[in-house]
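Asks: With the input below, show me the fold.
(2 chains)
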There are 2 protein chains.
Amino acid sequence: MPVNLSAPVAGSLLPVAGVSLGIAEAGIKRPNRKDLLVINLDEGTTVAGVFTTNRFCAAPVTLAKDHLASGKGIRALLVNTGNANAGTGEQGMAAARQTCVDLAKLLGCAPEQVLPYSTGVIMEPLPVDKIVAGMPAAIANLKADNWFDASQAIMTTDIVAKAVSRQIQVNGKTVTITGMSKGSGMIHPNMATMLGYIATDAAIAQPLLQQMVTEAANRSFNCITVDGDTSTNDALMLIATGKSGVVIDANNRAAMQAVITEVATILAQAIVRDGEGATKFITIKMEGGKDEAECRKIGYAIAHSPLIKTAFFASDPNLGRILAAIGYAGVTDLDVEKLQVYLDDVLVAENGGRAKSYQEEDGARVMQQSDITIRVVLNRGTVNATLWTCDFSYDYVKINASYRS
Amino acid sequence: MPVNLSAPVAGSLLPVAGVSLGIAEAGIKRPNRKDLLVINLDEGTTVAGVFTTNRFCAAPVTLAKDHLASGKGIRALLVNTGNANAGTGEQGMAAARQTCVDLAKLLGCAPEQVLPYSTGVIMEPLPVDKIVAGMPAAIANLKADNWFDASQAIMTTDIVAKAVSRQIQVNGKTVTITGMSKGSGMIHPNMATMLGYIATDAAIAQPLLQQMVTEAANRSFNCITVDGDTSTNDALMLIATGKSGVVIDANNRAAMQAVITEVATILAQAIVRDGEGATKFITIKMEGGKDEAECRKIGYAIAHSPLIKTAFFASDPNLGRILAAIGYAGVTDLDVEKLQVYLDDVLVAENGGRAKSYQEEDGARVMQQSDITIRVVLNRGTVNATLWTCDFSYDYVKINASYRS
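Replies: Next up is the predicted model:
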């Protein structure tokens, strides 16, 4: 079950003027499952995004990047679940292109104005006919107040839908930001994770919008991991319709960046809290590193260790495994005598070994919690970094051993 | 249960003249468990080894390296299980030193002539008193024909003991090589894995012996992984007593190197076959790479992916996950259109997607086997590399969630 995570309340998700969303059941993987989403954007909307760095990136990722680069105004996003259209070669590219052509026809725009997204099983042919057949129903369903249903339609192994809204005041006017994400396994984003969409009614020019989505991704989706597997289909999109009449530029960017990063962080953390089989949400704080790279190396070594993740699942303070992971993280000049390791407020290790003050019962007490912070103080420099991950349970194996059945 | 692996037959392990082994129950972790091993070496024996690169390496690793470097002839190895003496700081080093001092006294040699090895729980103080108290019984038990019992005494979570003997003829004389290893979890050696000891009655000078153990490790223990966690205590030792009267030098090295590498490979593969919770033994062959580094990067991305490992556990040919791992392995100029992926003899993927000839039933048939080869043909160069790993089961989680209980 998700760790301290509840589904968004339907009424709490605010519409973003200029964005409408329509859902349909296309029967891509299973019948009676909402698996198709069309997001329609008013003319004049800017869109930016960050995408997976996986070399086997999916056909829709390649095509979405091409269409974004074409410079034509984006008018629609098309999302299907149940099939990732990844590892599908030439045929997969033709299939993705076909879905853009058909949706463009129905919406009266050019195919380059449609961005496609797919998520689900890899290396299976995309069922284009089913997707195209489902489009009219999705278009008929288009409405601004549809984020709640949309956040459910993009789920795959997710248990809980992930969406959140915020509002800020800029020059006396209200700006709305609403976002949603999906993802639960194959989570080690590099850029962004599985799928995330954040929309605002502020006006933000494309180059700045790209900077803002990149910065938000680096502080949110690029700081989470469930299993260390970087998906073929990751994408985080930032959409700005301008309908609020508020223009964001380099001068008034800060507050807007902060709230977009906050929304992205909530959505990213929700993915970890809903990580496949997760029973613990683990925050890994690295402090006093020489640079961000070494902080992240050590943090990810801890976050990816199956031995640490299973110990957390068992609430067993077998904390020597954390020292082992710090030791093999690849920071070759690390002096292990100088660092401290904390579990929440409990000092666990210093001077190369167990802290004199450490009592097993203190470690055991913290391990019982569902939200736990591992803090590694490196005492080598001034750089900090934070990552989020979850534990590793029987259910992770169960979910992934039976994913296709 | 171990995958196609049976314990060595007692009589099949050949004594190595100049090496005697003694076992005792020291009660380090549990009562009535053989947990202490003394290996006694005749004068004139040469010893070489490779050790973990973990920065949090255990006190005995540091001390064994120091003692080896002292240049005094090594006369004994001391091995305990149940406690790794890692992450134990100054105290841990003092404890390791004390065990060497006490064993040296009993054997009538200098403390620098003793090499200590520990394996078990990390970050717990080494019970020096119990180890010292157990030494007389181990010494009383010393005999040349004791490899079978010794291979059982060094086990921790291992289910099956791992040991093997070979003989070769050199200039009409018989040379014997007997080796043993232990290890099951925290297996991603860099150098060597948990513990491995190979002894021969050939005479091999120390500098050549060091080259030979390094080469053997690189082709065996450094090609396996269970969970991607590099232990704090890894060591592979090669011992040459010279008692056969055969001298190995640079000129007649090849045949001896081949058999030592063969013994090391059998011992390394046995660790994977006995990997925690393993139900499948997976060989990953990379072919046609530009260099060994990229072959190993891709191989380890496949070997470490929990999604791939759980799919193998389930015998589910969800082979797109292999493409995803190849894609995120970090070979940034990889052209995925050019590579082929095989499961045993079945061509699974080419031209960036599923092979036209691939039938799900062929994949499903291979996945039912307990020994499976994944072959990735990169078509970028002429370098090949092979790794060995296992799948990821409920039992892996169970074993590691309850390791200390």
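Asks: Enumerate every residue touching A:Thr389.
Replies: By CB atoms under 8 Å, 6 or more residues apart in numbering or on different chains, A:Thr389 lies in contact with A:224-226, A:272, A:275, A:282, A:284, A:303-304, A:309. Yep, even glycine has a C-beta here, placed from its N, CA and C like the rest.
Asks: How about A:Pro31?
Replies: Neighbouring residues of A:Pro31 by CB under 8 Å, 6+ apart: A:Glu25.
Asks: Closest residue of the stretch 251-400 of chain A to chain B?
Replies: Nearest to chain B in the stretch 251-400 of chain A, going by CB to the nearest CB, is A:Gly320, at a distance of 2.5 Å.
Asks: hmm, which helix or strand of chain A has the shakiest average pLDDT?
Replies: Least confident element among the helices and strands of chain A, by mean pLDDT, DSSP states H and E: helix A:394-401 (a mean of 80).
Asks: is chain B contacted by that helix?
Replies: Yes - counting by CB under 8 Å from any CB of the partner chain, chain B has neighbours in helix A:394-401: A:394, A:396-398, A:400-401.
Asks: Show me which residues of the host helix or strand of A:Ala216 are buried.
Replies: Assigned by DSSP states H and E, A:Ala216 belongs to helix A:206-218. Using 16 or more other CB atoms under 10 Å in any protein chain shown as the test for burial, helix A:206-218 gives A:208-210, A:212-218.
Asks: sorry, back to before: tell me the spacing between the residue of the stretch 251-400 of chain A closest to chain B and B:Gly92.
Replies: Distance, A:Gly320 to B:Gly92, using CB to CB, to the nearest Å: 11 Å.
Asks: who does the helix holding A:Ala216 touch, helix- and strand-wise?
Replies: strand A:46-51, strand A:235-240, helix A:253-273 (3 or more CB pairs under 8 Å, 6 or more residues apart in numbering or on different chains; DSSP states H and E).
Asks: Need the three-state assignment for the residue at the greatest distance from the centre of chain A.
Replies: Checked against the mean C-alpha position of chain A, the extreme residue using CA atoms, centre = their mean is A:Lys356, at a distance of 40.1 Å. Secondary structure, DSSP: H, G, I helix; E, B strand; the rest coil: A:Lys356 is coil.
Asks: for it, what are its contacts?
Replies: Residues near A:Lys356 by CB under 8 Å, 6+ apart: none.
Asks: Can you tell me which of the helices and strands packed on helix A:206-218 is most buried?
Replies: strand A:235-240 (a mean of 29; mean count of other CB atoms under 10 Å in any protein chain shown).
Asks: Direction included, what does the next helix or strand along the chain from that one pair against?
Replies: The first helix or strand that comes after strand A:235-240 along the chain, using DSSP H and E, is strand A:247-248. Next to strand A:247-248 in the sheet, as set by DSSP bridges, lie strand A:203-204 (parallel).
Asks: How far away from the center of its chain is the strand it pairs with?
Replies: Relative to its parent chain, strand A:203-204 has a centroid offset of 23 Å by CA atoms, centre = their mean, to the nearest Å.
Asks: Kindly report the same for stretch A:359-373.
Replies: Chain-centre distance of stretch A:359-373: 28 Å, with CA atoms, centre = their mean.
Asks: Need the distance between the two termini of it.
Replies: Stretch A:359-373 has its terminal residues 17 Å apart, counting by CA to CA, to the nearest Å.
Asks: How much space separates the residue of the stretch 101-250 of chain A found nearest chain B from A:Ile326?
Replies: In the stretch 101-250 of chain A, no residue comes nearer to chain B than A:Ile122, which is 2.5 Å away by CB to the nearest CB. Distance, A:Ile122 to A:Ile326, using CB to CB: 33 Å.
Asks: These two: which has the busier surroundings?
Replies: A:Ile122 (29 against 26; other CB atoms under 10 Å in any protein chain shown).
Asks: is it true that the more buried one touches A:Ala59?
Replies: No - using CB atoms under 8 Å, A:Ile122 is not in contact with A:Ala59; the gap is 11.3 Å.
Asks: low pLDDT regions in the stretch 51-200 of chain A?
Replies: The model of the stretch 51-200 of chain A has pLDDT under 70 over residues A:185-194.
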